[in-house]
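# dropping a prediction and its sequence here:
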Amino acid sequence: MLKKVIEDLRRDKAFMSSVSHWQVLAAKEGDYLDFPEEIEQRLLNALSGRGITRLYSHQHETYLRTRQGKNVVLVTPTASGKTLAYNLPVLQTLLEAPEAKAMYLFPTKALSQDQQAELNEILLGGSLPVRIFTYDGDTPRSVRISVREEGRVVITNPDMLHTGLLPNHPKWLKFFKALRFVVIDEIHTYRGVLGSHLTNLIRRLKRIAAFYGSSPVFICCSATIGNPLELAQNIIEEEAVLIDNNGSPAGERHFIFYNPPLVDPVQGIRRGVVPEAQRISCRLLKSGIKTIVFARSRVRTELIAAYIRKSLANIYSDNHRVRVASYRGGYLPKERRRIEQGLRNNTIQGVVSTNALELGIDIGGLDASILAGFPGSIASAWQQAGRAGRRSTLSLSILVASASPIDQYLIRHPEYFFGRSPESGWVDGDNIFILADHLKC
């Protein structure tokens, strides 16, 4: 179906007149290896029940390095199986050592909930005796004692680590005493001031872990950035091993740079990014293509979603049997879970989101992603584009340029976007203002 839509777009003269560049990224075969012999049979059974019978090469190497006690920095594209890469050594160790614990740090609540659902599927599939809890602002107070006493894997975020776990470390004595792994996912998001705060937070975590006699192994996962190893080593302040040999398969991807048509050639004024994103997404949704649109702000997110729903409104065809939702910060937890579930089970065909869905949340098999304006960095643009085609299938990504100078520069110089490595991430844990605040803690 998507193949036909792509062919129709190529034949559409009005659409092609606004296309400044059309890049086709070829499909890639996977590089597979067998499971290491030491893996527990119960874990193998749980994974085979989900159709996983072999590992990608980067998953295999991550397992071996982590089991050797080395800190690891895993850098592979979106939808390349990073989750299993760190879950496998953690679960194997937890099954071998009944007292061992692990902490997962995610930058957003949505990602935390998604990872708990992923782990629960593995554990329930194999009836594995590992209790997993999410500990964040949405966790009811009645559950928090169970998390401290029974949690083998605690999924949290830096804010909760700072306000909930570290100040109350005597209550978490059992957990910190047996802490074997700390997983930091999406480490590329921790740059600048945020990354400098995390650096000091990790210093405090390591200090308390050492006080209780543990020295955890760090597993850091990152999207493609310019200096992943350097960034991770600066944050954890320990040596680490870089694994960037992506062994996952990838489907063919079409990446289109679209510059909206001129409405006033004399002044150089073009059609707005909001109506153009709405028009293109409606065309895809009516063709049965599951689509995600990324907007730069919450207001723009709601606007585009409202325009799409209005455009599709038809009482006779039940809105073309297409349901579109908006997704952004500020929604209640139940609303967010409902939208995420709807995308997985295909009751929602389209979603308009801020960068809240940019990170690695599993939102099912989307076919197309539309970027309503350049998101500010090449790394973020690739992350958002990678939300489509997460099942190694044909995918389509369209960058709709706004009138901003950066957008217009990229439209005129696509080689800058496709030819250079993404931006680097830098932190300064010794910044006196940040350090002074953490010393008070």
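Great, that's in hand. Bear in mind the structure is a predicted one, so any value in this text is a computation, not a measurement. Numbers count the residues shown, from 1 in each chain.

# need phi/psi at the residue in the chain sticking out farthest from the centre.
Within the chain, the residue lying farthest from the chain centre (C-alpha atoms, centre = their mean) is Val266, at 42.2 Å. Dihedral pair for Val266: phi -70, psi -50, per degrees, to the nearest 10.

# what's the distance between it and Pro260?
To Pro260, Val266 is 17 Å away according to C-beta to C-beta, to the nearest Å. For every residue, glycine as well, the C-beta is placed using N, CA and C.

# quick check, pLDDT for Gly226.
With respect to pLDDT, Gly226 scores 86.

# kindly report the same for Asn259.
At Asn259, the model reports a pLDDT of 95.

# try Arg390
For Arg390, the model assigns a pLDDT of 65.

# and Pro333, by the same measure?
77.

# burial measure for it, as a count.
Neighbours of Pro333 under the rule other C-beta atoms under 10 Å: 13.

# what about Cys221, which helix or strand?
Under the criterion of DSSP states H and E, Cys221 resides in strand 217-222.

# okay, now the sheet partners of that strand, with direction.
Its sheet considered, strand 217-222 pairs with strand 72-75 (parallel), strand 179-184 (parallel) by DSSP bridges.

# most neighbours per residue, which of the ones you listed?
strand 72-75 (a mean of 26; mean count of other C-beta atoms under 10 Å).

# now tell me what touches that strand from outside.
The contact list for strand 72-75 (C-beta atoms under 8 Å, 6 or more residues apart in numbering) reads 58, 62, 65-66, 82, 85-86, 187, 217-225, 228-229, 232-233, 240-244.

# now, those residues that are in strands?
Residues of the contacts of strand 72-75 located in strands (DSSP state E): 217-222, 241-243.

# which pair of these spans the longest distance?
The most widely separated members of those, counting by C-beta to C-beta, are Val217 and Ser222 (16.7 Å).

# looking at those two, which is more packed in?
Shown here are Val217 and Ser222; by other C-beta under 10 Å, Ser222 has more neighbours (26 against 23).

# measure the nearest residue to Pro261 once chain neighbours are set aside to Phe294 for me?
Excluding its sequence neighbours, the residue lying closest to Pro261 (C-beta to C-beta, 6 or more residues apart in numbering) is Ser18, at 5.3 Å. In this view, Ser18 and Phe294 are 19 Å apart by C-beta to C-beta.

# between these two, point out the one with more neighbours.
Phe294 (30 against 19).

# pretty sure the more buried one is in contact with Ala368, am I right?
No. Look at Phe294 against Ala368 with C-beta atoms under 8 Å: they stay out of range, at 11.5 Å.

# look up phi and psi at the closest residue to Phe417 other than its chain neighbours.
Counting by C-beta to C-beta, 6+ apart, Leu410 is the residue found nearest to Phe417 once chain neighbours are left out, at 5.4 Å. Reported as degrees, to the nearest 10, the phi and psi values for Leu410 are phi -60, psi -40.
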